[in-house]
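**Q** Provided below are the primary sequence and the corresponding predicted coordinates.
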Amino acid sequence: ALIMEQMQQQLTARGLDQEVRVIKTGCFGLCQKGPIVAVYPDKIFYCHVKPDDVGEIIEQHFIGGQPVKRLEMNDIDEITQEKIFDIDKIRFYAKQQRIALKNCGQLDPENIREYIARDGYEALAKALHEMQPQEVIDEIKKSGLRGRGGGGFPTGVKWQFAADQPAGDKYVICNADEGDPGAFMDRSILEGDPHAVLEAMAIAGYAIGAQQGYVYIRAEYPIAVKRLQIAIEQAKELGLFGEHILGTDFSFDIEIRLGAGAFVCGEETALIQSIEGKRGMPVPKPPFPAVSGVWGKPTIINNVETYANVAQIILKGSGWFSAIGTEKSKGTKVFALGGKIVNTGLVEIPMGTTLREVIYEIGGGCPNGKKFKAVQTGGPSGGCLTVEDLDTPIDFDNLIALGSMMGSGGMIVLDEDNCMVDVARFYMEFIVDESCGKCTPCRVGTKRMLELLTDICEGRGTMETLDELETLGKMIKDTALCGLGQTAANPVLSTLRLFRDEYEAHVKEKR
Ligand code: SF4
C-alpha cells in the first residue's frame, strides 16, 4: 500500500498521473519476491521493491525508458550473468500455464470493467443465449474437468446429478473454506479474480436449474471476502445477477456465508450444516448433496479453483481444455509451493508436469544447496513423494498410486534437515485440533496416534509403538465417518512406509 501511495503521489507531482495507471492487483504467484511491481506494456518485473525505489522507477524507467537495473529481478541469465527483467523469460513462469490464475496479477479485482475487458461474463452470455442447460453440462463433462478441492470427482457428472433432480429450489455452492496448512490457492484466486468464480457459479446455476448461490468462505480471509462483496455488488449493478439476467428468464443471486475457520467445514456435508446455521459437523452420505443438500434441496458444491476453469471451458470449448494434461487428468492444477524451496509461491502447471520440473525448474530447488528429501502433497490428508518420484508426471491418479494425493494443492517441500517423524507429528497435531469429535475412531484414535508419535519423539517409543501406530492408522482409515478422519493417518502411514528408518532411529537412539 505504501509503494502504491508513493507511486501515485510522485506520478501526480510530475504530471504523469494521466499517462501511467497504478493498480493494485491480486497475487503474481512469486510470493518469495514481493512486493512486486510489474510494468506494462513493457512486461518488466521488479522484485522486493521498497517505497524508496519508486522515484527511480519513475525517472529512469517511465521517463527515461530504461529498466532500473539496480533493482532486484528474479533471475540471472546463465550465459550473460545479467539480470532478467522480462516477465516472459523468468524461469518461474516458463513452465506454467495459467487458466485458473489467468487474471491474477493482471487486473484490478475491484473493478468489474477490467474483468469484462478480458472477456469477463462472455461465457455466461454464451451459455444463456446460445446453449441449453444440458449443452453446458455436456461441455463440462467433455472437458474432463475434475474437482480441484481434493477428491477429483468429474465436475460435469456432479452437475448432471443435480440437474436430473426434479425442478424446484436448487443451490450452487462455492467451497472457499481452504484450510490445509500451507495452502493459499483459493484465497489468491478470490483476491485476484473474484468474478471468474462468480461467473462460473452463475453458469452452474443455469446448467442445473438453481436460483441461488452461496460462497462459503472462512472469515480469516478478509481481503478475499471484501473483494467478493465488491464483485457481487458491481455485478448486480450491471444486471449480471438478480432477476432476468442479460434479458433472459434465468434469475440467480449469490450471497456470502462466513465460516469460523473450522477445517472440518471444508467437508461438504459439514459445510452444508454450517450454511444452515447448525454446528459444522459431517453427516453420513448418501444422500449426496447433489440429491439432498442445503435445506434438503439438490446442491452442487465445487471449490474455488474448479469454478475458475469453467468460464474459459465454455468460451474456448471442451476440446481446448481436454487437450491440456494427461489422459485422465485434464487441464492444469494450481499448487501452493512452500517449505524448503527457493521460489515460494503459487504455481499453475499443466497436469502431467513432473515433480522435478516443479521443484527444480519452477521452484529453484532447496535453498542453501541442501538436498531435496520429500514433498508433502494433499496437506494433512496426503502423503509424501520422494526423490524416486521426481520424474513422475503429476496427476490425480499417479499421486494416489504413489500413496499420496493431489488434495487441494498444498505442496510442502522438505530437505535433508527435516525429520519426517516431526512432520508426521505436526500434521497429526493439526488433525487432533480440527477433529469435530463426532465419531470415536477419529476423536479418540487420532489423539492416541498423537500420543504415540510424541512418545517416539520424546524417547519413550519402542518397535511395538511403531506397529501400534500403523495398526491404529489403518483402523481409523477404515472406520471414521468423514474424509477428514478417513485420511487423517495418511501422513503417518506414508512416512512410516517411506522413512521407517527415521522412526526406527528415534526408537533406538532414545532408548
Ligand atoms: Fe468428525 Fe473426525 Fe468423525 Fe469426521 S471423522 S465426523 S471430523 S470426528
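**A** That came through fine. Numbering: from 1, shown residues only.
**Q** Mean pLDDT per helix and strand in this protein: which one sits at the bottom?
**A** Counting by mean pLDDT, DSSP states H and E, the chain has its least confident helix or strand at strand 75-76, which shows a mean of 64.
**Q** which helices and strands sit right next to the helix or strand hosting residue 158?
**A** Residue 158 belongs to helix 155-163 when elements are defined using DSSP states H and E. For helix 155-163, the elements it packs on are helix 133-143, helix 194-208, strand 299-303, judged by 3 or more CB pairs under 8 Å, 6 or more residues apart in numbering; DSSP states H and E. C-beta here means a position set from N, CA and C on the backbone, and glycine is covered the same way.
**Q** tell me the mean pLDDT over the shortest one?
**A** In other words, strand 299-303. The average of the pLDDT scores along strand 299-303 is 97.
**Q** do the same with the longest one
**A** Regarding helix 194-208, the rounded mean pLDDT is 98.
**Q** Could you pull out the buried residues of it?
**A** Neighbour counts over helix 194-208 (16 or more other CB atoms under 10 Å) mark 194-208 as buried.
**Q** and the angle from it to helix 155-163?
**A** Relative orientation of helix 194-208 versus helix 155-163 (axes from the mean of the first three to the mean of the last three CA atoms, to 10 degrees): 50 degrees.
**Q** Helix or strand next in line after helix 194-208, which one?
**A** Using DSSP H and E, the next helix or strand after helix 194-208 towards the C-terminus is strand 212-218.
**Q** Please find the angle between the direction vectors of that next one and helix 194-208.
**A** Using the same axes, to 10 degrees: strand 212-218 against helix 194-208 is 140 degrees.
**Q** Sheet partners, orientation included, of strand 212-218?
**A** Strand 212-218 has these partner strands in its sheet, going by DSSP bridges: strand 171-176 (parallel), strand 253-259 (parallel).
**Q** Next secondary structure after the first one?
**A** To tie it back to what came earlier, the one meant is strand 171-176. Using DSSP H and E, the first helix or strand after strand 171-176 is helix 185-192.
**Q** ok, back up a step: now, which of the buried residues of helix 194-208 sits nearest residue 227?
**A** residue 194 (4.9 Å; CB to CB).
**Q** which residue packs closest to that closest one, ignoring adjacent ones?
**A** The spatially closest residue to residue 194, leaving aside those adjacent along the chain, is residue 231, at 4.0 Å (CB to CB, 6 or more residues apart in numbering).
**Q** for the helix or strand containing the one you found, packing partners?
**A** Assessed by DSSP H and E, residue 231 sits inside helix 222-237. Counting contacts by 3+ CB pairs under 8 Å, 6+ apart, helix 222-237 packs against helix 112-117, helix 185-192, helix 194-208, strand 212-218, strand 253-259.
**Q** Report the buried residues of the helix or strand following the first one.
**A** Yep, that's helix 112-117 we're talking about. Counting by DSSP H and E, the next helix or strand C-terminal to helix 112-117 is helix 122-130. Across helix 122-130, burial judged by 16+ other CB under 10 Å covers 123, 124, 125, 127, 128.
**Q** quick one: the helices in the stretch 401-511 of the chain?
**A** Here the stretch 401-511 of the chain has its helices, by DSSP state H, counting those that start in this stretch, at 420-434, 440-457, 463-479, 483-486, 490-498, 500-510.
**Q** Any chance of those in JSON lines with distance to residue 293 and mean neighbour count as columns?
**A** Shown next, in JSON lines, are the helices of the stretch 401-511 of the chain (distance: least, CB to CB, whole Å; neighbours: other CB atoms under 10 Å):
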{"stretch": "helix 420-434", "distance to residue 293": "23", "mean neighbour count": "21"}
{"stretch": "helix 440-457", "distance to residue 293": "23", "mean neighbour count": "19"}
{"stretch": "helix 463-479", "distance to residue 293": "25", "mean neighbour count": "16"}
{"stretch": "helix 483-486", "distance to residue 293": "16", "mean neighbour count": "22"}
{"stretch": "helix 490-498", "distance to residue 293": "27", "mean neighbour count": "23"}
{"stretch": "helix 500-510", "distance to residue 293": "42", "mean neighbour count": "15"}
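**Q** Kindly export stretch 106-126 (C-alpha atoms) in CSV.
**A** The C-alpha trace of stretch 106-126 is given here as CSV (Å, rounded to 0.1, in the frame of the first residue of the first chain):
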residue,chain,number,x,y,z
GLN,A,106,-3.3,-8.8,-14.5
LEU,A,107,-6.3,-6.7,-13.4
ASP,A,108,-7.8,-4.7,-10.7
PRO,A,109,-10.1,-7.2,-8.9
GLU,A,110,-12.2,-4.4,-7.5
ASN,A,111,-13.1,-3.1,-11.0
ILE,A,112,-15.6,-5.3,-12.9
ARG,A,113,-14.9,-3.4,-16.1
GLU,A,114,-11.3,-4.7,-16.2
TYR,A,115,-12.7,-8.3,-15.9
ILE,A,116,-15.2,-7.5,-18.7
ALA,A,117,-12.4,-6.1,-20.8
ARG,A,118,-10.7,-9.5,-20.6
ASP,A,119,-13.7,-11.5,-21.9
GLY,A,120,-15.4,-11.5,-18.5
TYR,A,121,-19.0,-12.6,-18.4
GLU,A,122,-18.9,-13.5,-22.1
ALA,A,123,-19.1,-17.2,-21.2
LEU,A,124,-22.2,-16.5,-19.1
ALA,A,125,-23.7,-14.7,-22.1
LYS,A,126,-22.8,-17.5,-24.4
